[in-house]
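Chemist: Show me how the following folds:
(one chain, ligands or ions: 1)
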Amino acid sequence: MTRPHILFLRTFKPDPLNFVVLNSLAHAVRDTAVIEIVGDLRDRVVMEASWREAFGHDVAMVDIVELLPSTREAWRRDVLSRIEAVDGVVLHISPKDIDFPEFPFGPPIYEMSGDRWEQFMDSPLARPITGRGLLREICYLNRLQRLPDTVVVCDARYQPTLDDLIALGGTMGDATDIRGNLVTPRLTAIDKQVGHLRKAYGGVTYRHPPNGGALLPEFAAALAPTLLEVIASHGSRERPTAELNNLLGTSATPRRLPPDAELKIVAFTNVEEVLFLPPGELTEISHKEMGQILNREAARLGCPYCRARLSEIFFFTRGLQRHGLKGDGERDWPNGICQVCGRKSSLFGDDVLMPQ
Ligand SMILES: [Zn+2]
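Modeler: Numbers count the residues shown, from 1 in each chain. The predicted model follows:
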């Protein structure tokens, strides 16, 4: 019988603890499962050194861990196809991916004193708290409906912050009081996306002391039963078969795409690079075409919220029929969704982008 496969995902590649977590994961499942990791040849060198530090020469890495070599270009496709195929996923969230110094609450939010709350409310909104790596992983796991088969692992020190983010991210929109003042912290859309993590199977934290070495036996012991549960429950859960090809590349013909499986024409941008894909039927508008109608100032400013460049915005019009952006007859009304801040803007007048 073939052993079940578990995919190890990391949100911040340079984190040296990635391989300590991987070793511990291998230790947890070594007789029952195969661990997959998508990486490059440099990873192999660091991985093998870390492995020898953890296990010496007694256990061969190749018996438990499978490194799936990938390139920068193919990486997204490779990860998507493995997410679809494996029996379970372990997602390692690195503290570097949650920008802690900028995030002014350590204790749970209900314990926050008045001063700190005000400080938080006054902090600027423009920069998302979470990093891109984390967002992309969550987006892919969510698109393929694999979060229920995912175990989230992170350093115990950061768990309260992550918990807050998950709880707050799940609350849609910013609540305001009667005068229009915000009463919820101003999370950006990217941070709200983290709320999807509440669908994960569960979380296990680890503690890595300064001279913690390359293996965390207690963490491995905690991880093992959780992973066995994930593997056991995976077969019994109904999951619609995802058409992986639909989730990759461009296509001039309509495809059923997330978040609602409506028909969408995404002909210019690889769909795996569009992390914020709007609901409803839509047709993508190219950056070239948008560049031709926006005035120079609007093109220079980019996203009206975060000033990301135009090339970072996914432009589209509702429906599957184009009418063009110019002329006196019926015209398309272009909308943009910024892939940096996740916010929506739309064409105002003939040549300006306005917040929506
Ligand atoms: Zn933006």
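Chemist: helices and strands of this structure: which one bottoms out on pLDDT?
Modeler: Sorted by mean pLDDT, DSSP states H and E, the helices and strands of the chain end with helix 114-122, the least confident at a mean of 51.
Chemist: Need the residue closest to the centroid of this structure.
Modeler: Leu135 (2.3 Å; C-alpha atoms, centre = their mean).
Chemist: quick check, that residue in a strand?
Modeler: No: using DSSP: H, G, I helix; E, B strand; the rest coil, the assignment for Leu135 is helix, not a strand.
Chemist: Just the helices from the protein, written as ranges.
Modeler: With helices called from DSSP state H, the chain shows them at 17-29, 41-55, 75-85, 114-122, 132-143, 159-170, 189-193, 217-234, 287-293, 296-301.
Chemist: Go through the ones you listed and pick out the most buried.
Modeler: Most buried of those, by mean neighbour count (mean count of other C-beta atoms under 10 Å): helix 17-29, with a mean of 24. C-beta here means a position set from N, CA and C on the backbone, and glycine is covered the same way.
Chemist: related to what we said a few turns ago, would you reformat the helices of the chain as TSV and include distance to the ion?
Modeler: Below are the helices of the chain laid out as TSV (distance: least, C-beta to the ion, whole Å):
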stretch	distance to the ion
helix 17-29	29
helix 41-55	32
helix 75-85	21
helix 114-122	21
helix 132-143	13
helix 159-170	18
helix 189-193	9
helix 217-234	36
helix 287-293	15
helix 296-301	11
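Chemist: can you tell which of these is closest to Lys264?
Modeler: With C-beta to C-beta, the closest approach to Lys264 among those belongs to helix 132-143: 13.1 Å.
Chemist: Determine the set of other helices and strands touching the closest one.
Modeler: Contacts defined by 3 or more C-beta pairs under 8 Å, 6 or more residues apart in numbering; DSSP states H and E place helix 132-143 against strand 5-10, helix 75-85, strand 88-92, helix 189-193.
Chemist: 10 Å instead, please
Modeler: strand 5-10, helix 75-85, strand 88-92, strand 150-155, helix 159-170, helix 189-193 (3 or more C-beta pairs under 10 Å, 6 or more residues apart in numbering; DSSP states H and E).
Chemist: so how far is that helix off the chain centroid?
Modeler: How far helix 132-143 lies from its chain's middle: 2 Å, per C-alpha atoms, centre = their mean, to the nearest Å.
Chemist: Restricting to C-alpha, output that helix in PDB.
Modeler: Only the C-alpha atoms of helix 132-143 are listed here, as PDB (Å, rounded to 0.1, in the frame of the first residue of the first chain):
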ATOM      1  CA  ARG A 132       2.400  38.100   0.500                       C
ATOM      2  CA  GLY A 133       3.700  34.500   1.000                       C
ATOM      3  CA  LEU A 134       1.100  33.800   3.600                       C
ATOM      4  CA  LEU A 135      -1.700  35.400   1.600                       C
ATOM      5  CA  ARG A 136      -0.800  33.300  -1.500                       C
ATOM      6  CA  GLU A 137      -0.700  30.000   0.400                       C
ATOM      7  CA  ILE A 138      -4.100  30.800   2.000                       C
ATOM      8  CA  CYS A 139      -5.500  31.800  -1.300                       C
ATOM      9  CA  TYR A 140      -4.400  28.500  -3.000                       C
ATOM     10  CA  LEU A 141      -5.500  26.300  -0.100                       C
ATOM     11  CA  ASN A 142      -8.900  28.100  -0.100                       C
ATOM     12  CA  ARG A 143      -9.400  27.900  -3.900                       C
END
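Chemist: as a whole number, average confidence for that helix?
Modeler: Summarised as a single mean, pLDDT over helix 132-143 is 85.
Chemist: quick one: Ile293 and Trp333 touch, right?
Modeler: No: the criterion here is C-beta atoms under 10 Å, and Ile293 misses it with Trp333 at 11.7 Å.
Chemist: overlap in contacts of those two?
Modeler: Contact criterion C-beta atoms under 10 Å, 6 or more residues apart in numbering; residues shared by Ile293 and Trp333: 325, 347.
Chemist: Quick check: buried residues in stretch 320-334?
Modeler: By neighbour count on 16 or more other C-beta atoms under 10 Å, the buried set for stretch 320-334 is 325, 332, 334.
Chemist: If you average pLDDT over each of the helices of the chain, which is lowest?
Modeler: helix 114-122 (a mean of 51).
Chemist: Who does Glu262 form a beta bridge with?
Modeler: Leu257 (DSSP bridges).
Chemist: tally of neighbours for it?
Modeler: 16 (other C-beta atoms under 10 Å).
Chemist: Give me the distance between Arg77 and Leu162.
Modeler: Counting by C-beta to C-beta, to the nearest Å, the separation of Arg77 from Leu162 is 28 Å.
Chemist: isn't Leu141 right up against Ile83?
Modeler: Yes: Leu141 is within contact range of Ile83, at 6.3 Å (criterion: C-beta under 10 Å).
Chemist: shared neighbours of these two, anything?
Modeler: Taking C-beta under 10 Å, 6+ apart as the contact rule, the neighbours common to Leu141 and Ile83 are 7, 9, 89, 149-150.
Chemist: Most widely separated two among the residues you listed?
Modeler: Across these (C-beta to C-beta), the longest gap, 12.0 Å, separates Leu9 and Asp149.
Chemist: In contact with Asp350, which residues?
Modeler: 293-295, 325-326, 331.
Chemist: Also Ala74?
Modeler: Contact partners of Ala74, counting by C-beta under 10 Å, 6+ apart, are 38, 81.
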